[in-house]
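Enquirer: quick one, structure for this:
(2 chains)
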2 protein chains.
Amino acid sequence: MALSEPRISLYWKNVLTEQIGEEHGISPAQLEGLEGPVAKAVEAVNAARAETPYRDLPYRTEYRDEVRKIAGEVAGCENFVVLGIGGSALGNIALQTALNPYLYNVDAAQRQRTTTDKKTVRLPRLFVFDNVDPVQFGNFLDWVGPQLDRTVFNVVSKSGQTAETAAQLLVVRKLLLDRLGPKVLREHLVITTDAETGVLRPFARNQNLRSLVVPAGVGGRFSVLSPVGLLSAAVCGIDIDALLAGAAAMDDRVKTPVLRDNPAALIAAIHWHYYHRSKPIHVMMPYAYALKDLCDWYRQLWAESLGKAEARDGSRVHIGPTPVKALGATDQHSQVQLYREGPNDKVFTFLQVDQFERDVVMGPAEGELADLDYLAGAGMAKLLNAEKTATEYALLEDQRPCLTVRFDRVCAETVGQFFYLYEAATSIAGRLFNINTYDQPAVELGKQATFALMGRKGETYEKLARAITAKMRVDPGFAV
Amino acid sequence: MALSEPRISLYWKNVLTEQIGEEHGISPAQLEGLEGPVAKAVEAVNAARAETPYRDLPYRTEYRDEVRKIAGEVAGCENFVVLGIGGSALGNIALQTALNPYLYNVDAAQRQRTTTDKKTVRLPRLFVFDNVDPVQFGNFLDWVGPQLDRTVFNVVSKSGQTAETAAQLLVVRKLLLDRLGPKVLREHLVITTDAETGVLRPFARNQNLRSLVVPAGVGGRFSVLSPVGLLSAAVCGIDIDALLAGAAAMDDRVKTPVLRDNPAALIAAIHWHYYHRSKPIHVMMPYAYALKDLCDWYRQLWAESLGKAEARDGSRVHIGPTPVKALGATDQHSQVQLYREGPNDKVFTFLQVDQFERDVVMGPAEGELADLDYLAGAGMAKLLNAEKTATEYALLEDQRPCLTVRFDRVCAETVGQFFYLYEAATSIAGRLFNINTYDQPAVELGKQATFALMGRKGETYEKLARAITAKMRVDPGFAV
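Expert: Have a look, this model is predicted:
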């Protein structure tokens, strides 16, 4: 990617003692002290590249080509519905919010695109269901029912055992079979799953369904740049080439073991430093509606990767920062009172956009509105960025450490850079925290318990069901 | 409200030593130790009722009547747009998500209602803008422009000085004047503001606009049951009588100084207890899509009320829990790894629904899907509640304290109860934390700094602008 391409950059001056003082700032000596551990962590992460195949997703052109082929085949639909949860949904949602218009689903005009050969096409609406709420899903089914013949469902689960996604599939499959019949199942179901194992691969094969692969060794939270995240993006007109090119460009920037030159290493090191200095809460606060759902993607990545009971040496550590999603300017009127005056237990990361793709200019303020005259004729872009600067300034006055990820503009290139930046930062942070970044052992018991409560057969589940019933019996003496 | 009316209740057994052990549970002696301070706090809150007029909002029938009158007058519009931020938006959003269908804005059928005299009416779409993002707002204006004559804007700001809301007003006012002319401004703008002071009251009066009152002494975060929250609810067909009746019913339950009988006191006491025992993070996790935006309302209430630098005696304390929003079952696949294995630094509050208003039944699972047979024929409601029980069980196994607010069902009565429960809990918690619950001094500097950066005239702002420029000058050596 040429230097003139849009970029993101990390601004990290506002964590230093010179900006926020001795007690809470990082001193030059502390910064120097971070260099050694960080260099080792980056080198370890680089050396483990073969075991962390998410690192090479930007270059896996075969995935991109398969995604594009299927996206082309389903392009005529009116509704594209992703059924997935966690890493099979959060990247998809983040991409859609970041790169498609606010009223994309509501306003057909905002779904219109002109192709290279000057034809006007209308992209499908996108829905991503990552829950099993009967009221929400039922209302959706009421609405989509009459247009089922123009609707495609993308079921995303590596194992196919994920209870929520499995439940959605059983509902939708029956609906499709009842309303449209078995012959057209292929037209309405796309399966994204493991290449070989699990429930969904044989289902896709035997039912002759279109399918994509969740790459081996890529965990859900690192899968946004695989077919998991790419298909819905491509179907909705997002430039997945630019997305991957952005990620590849960031790959070049996060390999160096030199702390000051590596934005991922700085993110990892600064948060690790503060975690051990009474700042375990890591707030991400975008000043742009488009970037807000990147925070939910980050929340999973950071929490599930770094929240671990055991260190790599097997010792019990119960470690892990708590990521928090906020939104500027909105949460200034909700959270900033706490952020400034409450305990100094947080590290703040702002996301800021230098060039918004459009502006909205404020009208005049005369007569009774004369007090608002300072706004008249200004643009909302200026106001939003002024609010960010104002909030950060106020936080610095209270010695709160602040980072900013600046986006030249919000586009597929910069969003691709962002994903890759935080994935690399997470891998490096995992080394610094000295935990296994890529597993999630604690999720298992909840899954087993759900199976047990849903009456799944087998000695293990039946025994667990009895234990749960005993523990969870409602005691009316404690219901008030 | 009769006993048979739908209720919410607090289930609090799963914070006790008998459920989660000595180290992290509340012992019988600790519980007894809480009784005295809590009784004093409740009595102080009860005694201060005259100075906390939010307490009487459920009984202020004059507000309800004024709201209903204006709601009737604007009922024919197609789009109702709230312009507000913080407490002037979060309650409105929470009410809409809780009490109207998921696709209310998208699907005209979900906006249709039958009146008592059997006529079919279509309610307006609702938009709440609580930000100044030019891309988001610009996309909305593109869409709403051609239907401006069928659109009503409700500008909500007590002072009228709130920069974000003022900016939106200046944009919308110019648009209305340019497109529709000054004569019909009254048809398209409803002002909710202070009864006497501020920028908007004279504006409303001189322009002959419809207006409502933000009651004196009611802070934004306590205003959802005032005209601030009620108008958009009434316009969108929500039963505001039932909402207020629910709140009034809860008022009866939160007055008693007896800890075990008072759900608000229990919420306050349990969180206060744990705050001082290394659990400063307070997670609210609804297992219902409808309840998810109640968490954002709660986030403001809890953070802005309790996050304070000074105690009531003037000493510096820098106190305040950090509220966190999560969503079940979705966040099981994002946050639960951290919640179980990370530091035991959180108190969890689940919101659970006993009777969902509808269910969605899973289809059969034969052939390649036979592994999913345990789900076949079951309802999503059962699955969602099983997930909640499973997650809570898993958390209890790791000695994490859990509360549950159970909703008999989600309806205006129970949502009204919920608002009032948490408002009262916040007042009681504020007494226990010994801070001023009702101010937000730290928000001021950010506001002033925004004024300064937007070039507002006056010595104070100009001086501040110079200070900000010096502090916030971007140093390219720290941008990587």
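Enquirer: now residue A:114. Nearest residue, chain neighbours left out?
Expert: Leaving aside its sequence neighbours, residue A:114 sits nearest to residue A:120 (C-beta to C-beta, 6 or more residues apart in numbering or on different chains; 5.7 Å). The C-beta positions use only the backbone N, C-alpha and C, and glycine is treated the same way.
Enquirer: neighbours of that neighbour, how many?
Expert: Residues lying near residue A:120 (other C-beta atoms under 10 Å in any protein chain shown) number 8.
Enquirer: what's the answer for residue A:85, then?
Expert: 27.
Enquirer: before we move on, back to that, where does the residue nearest to residue A:114 land on pLDDT?
Expert: The model reports residue A:120 with a pLDDT of 93.
Enquirer: which residues touch it?
Expert: By C-beta atoms under 8 Å, 6 or more residues apart in numbering or on different chains, the contact set of residue A:120 is A:112, A:113, A:114.
Enquirer: quick one: pLDDT of the residue of the stretch 1-150 of chain A found nearest chain B?
Expert: Proximity of the stretch 1-150 of chain A to chain B (C-beta to the nearest C-beta) peaks at residue A:86, 2.8 Å away. Looking at residue A:86, its pLDDT stands at 97.
Enquirer: look up how far residue A:158 lies from it.
Expert: Relative to residue A:158, residue A:86 is positioned 10 Å away (criterion: C-beta to C-beta, to the nearest Å).
Enquirer: give me the common contacts of the two.
Expert: Counting by C-beta under 8 Å, 6+ apart, the residues touching both residue A:86 and residue A:158 are residue A:220.
Enquirer: same question for the helix ranked longest in chain A, mean pLDDT?
Expert: Longest helix in chain A by number of residues (criterion: DSSP state H): helix A:412-433. Averaging pLDDT along helix A:412-433 gives 98.
Enquirer: kindly report the same for stretch A:11-28.
Expert: The average pLDDT for stretch A:11-28 rounds to 98.
Enquirer: endpoint to endpoint, it covers what distance?
Expert: 17 Å (C-alpha to C-alpha, to the nearest Å).
Enquirer: and stretch A:319-330, by the same measure?
Expert: 31 Å.
Enquirer: how about stretch A:249-265?
Expert: Terminal residues of stretch A:249-265 are spaced 16 Å apart (C-alpha to C-alpha).
Enquirer: got the buried residues for that stretch?
Expert: Using 16 or more other C-beta atoms under 10 Å in any protein chain shown as the test for burial, stretch A:249-265 gives A:249, A:250, A:251, A:253, A:254, A:255, A:257, A:259, A:262, A:263, A:264, A:265.
Enquirer: with secondary structure and distance to chain B as new columns, can those be given to me in a markdown table?
Expert: Shown next, in a markdown table, are the buried residues of stretch A:249-265 (DSSP: H, G, I helix; E, B strand; the rest coil; distance: C-beta to the nearest C-beta, whole Å):
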| residue | secondary structure | distance to chain B |
| --- | --- | --- |
| A:249 | helix | 14 |
| A:250 | helix | 12 |
| A:251 | helix | 15 |
| A:253 | helix | 8 |
| A:254 | coil | 10 |
| A:255 | coil | 13 |
| A:257 | coil | 14 |
| A:259 | helix | 10 |
| A:262 | coil | 7 |
| A:263 | helix | 5 |
| A:264 | helix | 10 |
| A:265 | helix | 9 |
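Enquirer: and which of the residues you listed is nearest to residue A:12?
Expert: residue A:263 (8.3 Å; C-beta to C-beta).
Enquirer: now the phi/psi pair for the closest residue to that closest one other than its chain neighbours, please.
Expert: Among residues not flanking residue A:263 along the chain, residue A:10 sits closest, at 4.0 Å (C-beta to C-beta, 6+ apart). Per-residue torsions, residue A:10: phi -100, psi 130 (degrees, to the nearest 10).
Enquirer: what is the burial count for residue A:10?
Expert: For residue A:10, using other C-beta under 10 Å, the count is 22.
Enquirer: ditto for residue A:194
Expert: Neighbours around residue A:194, by other C-beta under 10 Å: 17.
Enquirer: that one and residue A:201 touch, don't they?
Expert: Yes - using C-beta atoms under 8 Å, residue A:194 makes contact with residue A:201 at a distance of 5.9 Å.
Enquirer: okay, and the common contacts of the two?
Expert: Joint contacts of residue A:194 and residue A:201 (C-beta under 8 Å, 6+ apart) are residue A:160.
Enquirer: run the chain-centre distance for the longest helix of chain A.
Expert: From the chain centre to the centre of helix A:412-433 is a distance of 11 Å (C-alpha atoms, centre = their mean, to the nearest Å).
Enquirer: swap in stretch A:129-144?
Expert: That offset, for stretch A:129-144, works out to 22 Å (C-alpha atoms, centre = their mean).
Enquirer: I'd like the average pLDDT over it.
Expert: Mean predicted confidence for stretch A:129-144 is 98.
Enquirer: for that stretch, buried residues please.
Expert: A:129-140, A:142-144.
Enquirer: how about stretch A:451-462?
Expert: Quick answer for stretch A:451-462 (16+ other C-beta under 10 Å): A:451, A:452, A:453, A:454, A:456, A:461.
Enquirer: thought the last one was touching residue A:451?
Expert: Yes - with contact defined as C-beta under 8 Å, residue A:461 and residue A:451 form a contacting pair (5.4 Å).
Enquirer: for the stretch 251-400 of chain A, just list every one of the helices.
Expert: A:263-275, A:294-306, A:336-341, A:380-397 (DSSP state H, counting those that start in this stretch).
Enquirer: mind putting these into CSV with mean pLDDT?
Expert: Formatted as CSV, the helices of the stretch 251-400 of chain A follow (pLDDT from 0 to 100):
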stretch, mean pLDDT
helix A:263-275, 98
helix A:294-306, 98
helix A:336-341, 98
helix A:380-397, 98
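Enquirer: what's the closest non-adjacent residue to the residue lying farthest from the centre of chain A?
Expert: Computed with C-alpha atoms, centre = their mean, the residue of chain A farthest from its C-alpha average is residue A:367, at 46.4 Å. Spatially, and ignoring its direct neighbours in sequence, residue A:367 is nearest to residue B:206 (7.2 Å; C-beta to C-beta, 6+ apart).
Enquirer: you'd agree the one you found is up against residue A:369?
Expert: No - counting by C-beta under 8 Å, residue B:206 does not reach residue A:369; the two are 10.2 Å apart.
Enquirer: list the contacts for the residue of the stretch 1-150 of chain A closest to chain B?
Expert: Residue A:86 sits in contact with A:130, A:220, A:221, A:300, B:330, B:332, B:333, B:334, where contact means C-beta under 8 Å, 6+ apart.
Enquirer: if we go to 10 Å?
Expert: A:130, A:156-157, A:162, A:164-165, A:219-221, A:223, A:300, A:304, A:440, A:443, B:329-336 (C-beta atoms under 10 Å, 6 or more residues apart in numbering or on different chains).
Enquirer: give me phi/psi at it?
Expert: Per degrees, to the nearest 10, the backbone of residue A:86 is at phi 60, psi -130.
Enquirer: how about the one 5 residues further on?
Expert: Geometry field for residue A:91 lists phi and psi as phi -70, psi -40, criterion degrees, to the nearest 10.
Enquirer: count of residues packed around the closest residue to it other than its chain neighbours?
Expert: Spatial nearest neighbour of residue A:91, excluding adjacent residues (C-beta to C-beta, 6+ apart): residue A:224 at 2.9 Å. Neighbour count of residue A:224, defined by other C-beta under 10 Å: 29.
Enquirer: am I right that residue A:224 is in a helix?
Expert: No - secondary structure of residue A:224 (DSSP: H, G, I helix; E, B strand; the rest coil): coil, not part of a helix.
Enquirer: and the pLDDT at it?
Expert: 98.
Enquirer: intersection of neighbour lists for residue A:461 and residue A:451?
Expert: Joint contacts of residue A:461 and residue A:451 (C-beta under 10 Å, 6+ apart) are residue B:374.
Enquirer: quick one, which of residue B:206 and residue A:369 is more surrounded?
Expert: residue A:369 (22 against 10).
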